[in-house]
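Peer 1: Build me a model:
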Amino acid sequence: MIKITFLGTSDAIPSKNRNHTAILLNYENENILVDCGEGTQRQFRKAGLNPLKITRLLITHWHGDHVLGIPGLMQTLAFSGYDKTLFIYGPKGTKKYIKELTDAFLFSGKLKMEIKEIEKGKFIDEKDFYIEAEKMTHGCPTLAYNFVKKGKLRIDKSKLKKYKIAEGVHLQKLKLGKDIIYNGKNYKAKDLTYTAEGNKISFVLDTLFNEKITTFVKESDLLIIESSFADEEKEKAKEHLHLTSKQAGEIAKKAKVKKLIITHISQRYENKLDKILNQSKKVFRNSFLARDLEGFEIK
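Peer 2: Below is the predicted model of the structure:
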């Protein structure tokens, strides 16, 4: 199961109900934080989550509302006995900016970090999942991310029953996709197994509309995307290199995603949230609005 927790859903200026951007993805032993806006570590506490379980930090870009929570988080991890390596990934300049952050205050304690600068493509490839990036357009090096849980080879128990194949060590070969011999008869793995579908979660935070988005997020189970402006302010959105809620819906529809969650909501719409959501829903019915500390699960 994959769980998404929205720790912050505002844009550049937080509101009473929305903290700066941060999203936590939990999958088995992985706790992957996407961006870390100011106040993120307090949001962890409010959500009943332990920041010491963070395994990776993905940075979309280096605007303040997406990264100013990093120094405080780093200090808390160091003070609290964080005993893992914190893997940090981000666009070009990330190594320089992390160093400047730690140089800007009197950092205490020890924190083991490994920092990698990413351009595009797959940069993490584990047994059960991979993560890939694509360049976005936001006036500074900016990335979108896909977390992809790989499909798994499963044994079709109905086929075992049909061919009267009993449980046993021979099934270990099937799990590896290898043919077997049972009671003197050959059975092909492809006839006794199937590949269970994986899952794809896409994060698109802060970007001007561009054709790469649709291709990158194609057929995602969950598309999390910024919607900083209403449709009637699309020219202002273009000027500030952001998306509108209607554009988010259009991207989701064209990319054939299953579910869309819009986030990075401007404080100007704090009392007009239905308006933002409805503009997306008119284009893509399965649209939802992210709210701080809210969670979503994908099984």
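
Peer 1: end-to-end on stretch 61-80?
Peer 2: End-to-end distance for stretch 61-80, by CA to CA, to the nearest Å: 27 Å.

Peer 1: List the buried residues in it.
Peer 2: 61-63, 65-78 (16 or more other CB atoms under 10 Å). Backbone N, C-alpha and C define where each C-beta goes, glycine included.

Peer 1: residue nearest the centroid of the protein?
Peer 2: residue 203 (4.9 Å; CA atoms, centre = their mean).

Peer 1: sorry, back to before: mind checking which of the buried residues of stretch 61-80 are in helices?
Peer 2: When DSSP state H is applied, these are split such that 65, 66, 67, 70, 71, 72, 73, 74, 75, 76, 77, 78 fall in helices.

Peer 1: so which of those residues comes closest to residue 24?
Peer 2: residue 73 (11.8 Å; CB to CB).

Peer 1: Ignoring the adjacent residues along the chain, who's closest to the closest one?
Peer 2: In this structure, residue 73 finds its nearest non-sequential neighbour in residue 41, 5.1 Å apart by CB to CB, 6 or more residues apart in numbering.

Peer 1: my read: the one you found touches residue 76, true?
Peer 2: Yes - the criterion here is CB atoms under 8 Å, and residue 41 meets it with residue 76 at 5.5 Å.

Peer 1: Name the residues contacting each of the two.
Peer 2: residue 51 (CB atoms under 8 Å, 6 or more residues apart in numbering).

Peer 1: Of the ones in helices among the buried residues of stretch 61-80, just say which sits nearest to residue 213.
Peer 2: Nearest to residue 213 among these, with distances taken as CB to CB, is residue 66, at 17.7 Å.

Peer 1: For the residue lying closest to the closest one once chain neighbours are set aside, the count of nearby residues, please.
Peer 2: Excluding the flanking residues, the one nearest residue 66 by CB to CB, 6+ apart is residue 35, at 4.3 Å. Residue 35 is flanked by 27 other residues according to other CB atoms under 10 Å.

Peer 1: Ok, residue 47 next?
Peer 2: With other CB under 10 Å as criterion, residue 47 counts 16.

Peer 1: I'd like to know how far the residue nearest to it when sequence neighbours are not counted sits from residue 221.
Peer 2: Nearest non-adjacent residue to residue 47, counting by CB to CB, 6+ apart: residue 293, 5.0 Å away. In this view, residue 293 and residue 221 are 22 Å apart by CB to CB, to the nearest Å.

Peer 1: now residue 47
Peer 2: Taking CB to CB, one finds residue 47 at 22 Å from residue 221.

Peer 1: Likewise for residue 29?
Peer 2: 21 Å.

Peer 1: So those two - more neighbours on which side?
Peer 2: The neighbour comparison of residue 29 against residue 221 (other CB under 10 Å) goes to residue 221, with 17 against 7.

Peer 1: just to revisit the earlier point, surely the residue nearest to residue 66 touches residue 21?
Peer 2: Yes - the pair residue 35 / residue 21 is scored as a contact, 4.8 Å apart, by CB under 8 Å.

Peer 1: Would you mind grabbing the residues shared as contacts by those two?
Peer 2: 66, 205.

Peer 1: Quick check: closest non-adjacent residue to residue 98.
Peer 2: residue 115 (5.7 Å).

Peer 1: Which residue ranges make up each domain of the chain?
Peer 2: 2-151+197-298, 153-193 (automatic domain parsing).

Peer 1: how about the ones you listed in JSON lines, adding mean pLDDT?
Peer 2: Formatted as JSON lines, the domains of the chain follow (pLDDT from 0 to 100):
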{"stretch": "domain 2-151+197-298", "mean pLDDT": "95"}
{"stretch": "domain 153-193", "mean pLDDT": "86"}
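
Peer 1: what's the most buried one of the ones you listed?
Peer 2: Of those, the one with the most neighbours on average (mean count of other CB atoms under 10 Å) is domain 2-151+197-298, at a mean of 19.

Peer 1: What is the end-to-end distance of that one?
Peer 2: End-to-end for domain 2-151+197-298, by CA to CA: 5 Å.

Peer 1: now stretch 126-144
Peer 2: End to end - CA to CA - stretch 126-144 spans 19 Å.

Peer 1: how far does that stretch sit from the chain's center?
Peer 2: 10 Å (CA atoms, centre = their mean, to the nearest Å).

Peer 1: before we move on, what about stretch 184-196?
Peer 2: With CA atoms, centre = their mean as the basis, the mean position of stretch 184-196 lies at 35 Å from the chain mean.
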